[in-house]
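Visitor: Kindly return the folded structure for what I paste below:
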Amino acid sequence: MEEPSLRKRREDEKSIQSNEPKTTSLQKEVGLLSGICIIVGTIIGSGIFISPKSVLRNTEAVGPCLIIWAACGILATLGALCFAELGTMITKSGGEYPYLMEAFGPIPAYLFSWTSLFVIKPSSFAIICLSFSEYVAAPFYSGCEPPQVVVKFLAAAVILLITTVNSLSVRLGSYVQNVFTAAKLVIVAIIIISGLVLLAQGNTRNFENSFEGTRLSVGAISLAFYNGLWAYDGWNQLNYITEELRNPFRNLPLAIIIGIPLVTGCYILMNVSYFTVMTATELLQSQAVAVTFGDRVLYPASWVVPLFVAFSTIGAANGTCFTAGRLVYVAGREGHMMKVLSYISVRRLTPAPAIIFYGIIATIYIIPGDINSLVNYFSFAAWLFYGLTILALIVMRFTRKELERPIKVPIIIPVFVTLVSVFLVLAPIISQPAWEYLYCVLFMLSGLIFYFLFVYFKFGWAQKISKPVTMHLQMLMEVVPAEEAPE
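Guide: So this is what the prediction gives:
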């Protein structure tokens with residue numbers, strides 16, 4: 001009785017571990033400090049400098065605005081802890097992809113990779129890079145908006161730069177992440193310290209009657225959460241590079257427990273700082289909240305604010321690219337994308353084809369340059385799959401009891417996060433129906449066509465076309481399949 005059981009357990013463990021031999025694995029270059037920097041650096045980007053207006057607009061009062069920011073941080077932490085259990089139970093890179101594969105099979109996993117590759121990840125990358133280019137271009141066009149051609153050109157240049165860095169070296173990508181995380185923490189510290197000093201000096205009038213005029217409709221609350229959670233997005237990024245974490249059983253939960261509460265505290269204190277110098281009306285009228293704060297508090301050194309905001313956004317873009325390229329890599333390795341996307345650079349030992357592919361899709365997204373539409377697409381699709389992934393954790397508690405769980409969260413946490421995800425997906429549709437949500441659903445379901453044509457049935461004519469393309473790209477980019485990569 002024990003021998004079949006042992007054999008079954010070994011087979012189960014093999015099914016959830018990386019299929020790559022030790023000599024062909026991506027390098028384990030990411031330690032605890034780099035993991036914290038990836039979380040903090042990816043979360044703190046353009047969101048905290050853009051979302052305060054949107055959150056306040058939907059709550060219409062200072063008190064509930066601050067509560068929303070705290071609640072978003074709590075939700076992100078709970079979601080990340082659920083992902084920590086998944087990440088230490090299924091030690092594959094690729095974020096939600098391998099978890100959906102184990103719980104629900106290939107179709108939901110494929111739809112996630114399809115949606116992530118063509119909607120969620122590149123739209124997020126494009127939004128951050130467009131925000132960066134707008135902040136950089138603004139000082140050169142004082143009193144007017146920068147030309148869209150200039151903004152888009154700068155965004156494309158940043159995408160090219162970041163994809164190049166992450167294609168060259170895992171260590172270089174981590175180093176760039178650490179440097180820009182340090183830079184963005186400087187501007188965060190400047191804003192927080194300045195606000196606390198003003199608060200100690202008695203600038204508290206904007207916090208009086210802070211709940212007066214509160215808006216309590218379901219639609220307004222859901223939209224406030226959408227904008228707040230956009231600023232927190234990135235809480236699950238370490239799960240995309242589990243195979244590159246040193247000692248993931250220890251470093252993954254520690255990075256989450258340290259990183260996300262740190263970000264939450266920073267966000268709340270930054271919003272408090274904004275309200276020490278601006279009324280709710282003035283904040284809503286501001287073109288750039290952080291810049292307005294700098295003009296009123298840091299003049300004549302207010303120029304440091306847009307400079308460090310640019311550093312913050314480029315750091316977030318680098319973290320997004322560093323992790324999202326691994327999703328493309330894992331999807332290619334599983335046969336759900338072109339095989340060449342699972343190849344590894346011979347010289348650099350990085351998933352260069354996957355990262356380059358991701359950069360190309362993000363560049364296409366900057367052409368329309370409609371940030372608001374991109375944010376709506378992103379939020380709707382992202383929380384749909386966040387909820388589905390955490391539901392997978394609940395399902396596997398009953399269907400895969402034999403799996404080892406170094407981290408095991410109380411079942412009430414994934415149940416709560418799943419219910420909140422359902423609310424976040426359905427509430428905006430019910431309160432403010434829009435065609436964009438329908439288009440997003442149709443695009444996600446269109447992935448089924450490609451799945452059955454090219455993955456499930458694997459038509460011979462498709463293989464004949466893809467094989468010479470793969471061979472040509474392999475020679476051009478000096479990449480090889482994972483099993484042939486040098487140690």
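
Visitor: Show me where the stretch 51-200 of the chain dips below the pLDDT cut-off.
Guide: Applying pLDDT under 70 to the stretch 51-200 of the chain flags residues 93-94, 139, 142-143, 170, 177.

Visitor: Show me where it has its strands.
Guide: Counting by DSSP state E, counting those that start in this stretch, the stretch 51-200 of the chain forms no strands at all.

Visitor: what's the closest non-adjacent residue to the residue nearest the centre of the chain?
Guide: By Cα atoms, centre = their mean, the chain has its centre lying nearest to G234, at 3.4 Å. What sits nearest to G234 in space, not counting adjacent residues and going by Cβ to Cβ, 6 or more residues apart in numbering, is T42, at 3.4 Å. Just so you know, the C-beta spots here come from the backbone N, C-alpha and C atoms, and that holds for glycine as well.

Visitor: what about the one you found, which helix or strand?
Guide: Here T42 sits within helix 32-43, counting by DSSP states H and E.

Visitor: helices or strands up against that helix?
Guide: helix 170-200, helix 248-277, helix 304-333 (3 or more Cβ pairs under 8 Å, 6 or more residues apart in numbering; DSSP states H and E).

Visitor: Would you mind checking the average pLDDT for the last one?
Guide: What it means is helix 304-333. Averaging pLDDT along helix 304-333 gives 74.

Visitor: would you list every one of the helices in the stretch 101-250 of the chain?
Guide: Assignment of helices within the stretch 101-250 of the chain using DSSP state H, counting those that start in this stretch yields the ranges 106-115, 121-137, 148-168, 170-200, 218-232, 248-277.

Visitor: list the buried ones in the longest one?
Guide: Yep, that's helix 170-200 we're talking about. Using 16 or more other Cβ atoms under 10 Å as the test for burial, helix 170-200 gives 170, 172-174, 176-178, 180-181, 183-185, 187-188, 190-192, 194-195, 198-199.

Visitor: what do you get for the last one?
Guide: For helix 248-277, a neighbour-count test (16+ other Cβ under 10 Å) marks 248, 251-253, 255-256, 258-260, 262-264, 266-277 as buried.

Visitor: mind exporting the host helix or strand of L419 as PDB, just the C-alpha atoms?
Guide: In the assignment (DSSP H and E), L419 maps to helix 412-431. C-alpha atoms of helix 412-431 as PDB (Å, rounded to 0.1, in the frame of the first residue of the first chain):
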ATOM      1  CA  ILE A 412     -11.400  32.300   5.300                       C
ATOM      2  CA  ILE A 413      -8.700  34.500   3.600                       C
ATOM      3  CA  PRO A 414      -9.000  33.000   0.100                       C
ATOM      4  CA  VAL A 415     -12.800  32.900   0.500                       C
ATOM      5  CA  PHE A 416     -13.000  36.600   1.400                       C
ATOM      6  CA  VAL A 417     -10.600  37.600  -1.400                       C
ATOM      7  CA  THR A 418     -12.600  35.600  -3.900                       C
ATOM      8  CA  LEU A 419     -15.900  37.300  -2.900                       C
ATOM      9  CA  VAL A 420     -14.300  40.700  -3.100                       C
ATOM     10  CA  SER A 421     -12.900  39.900  -6.600                       C
ATOM     11  CA  VAL A 422     -16.500  39.000  -7.700                       C
ATOM     12  CA  PHE A 423     -17.700  42.300  -6.400                       C
ATOM     13  CA  LEU A 424     -14.900  44.200  -8.100                       C
ATOM     14  CA  VAL A 425     -15.700  42.500 -11.500                       C
ATOM     15  CA  LEU A 426     -19.500  42.800 -11.400                       C
ATOM     16  CA  ALA A 427     -20.100  46.100  -9.600                       C
ATOM     17  CA  PRO A 428     -18.700  48.500 -12.300                       C
ATOM     18  CA  ILE A 429     -20.700  46.600 -15.000                       C
ATOM     19  CA  ILE A 430     -23.900  46.800 -13.000                       C
ATOM     20  CA  SER A 431     -23.500  50.400 -11.900                       C
END
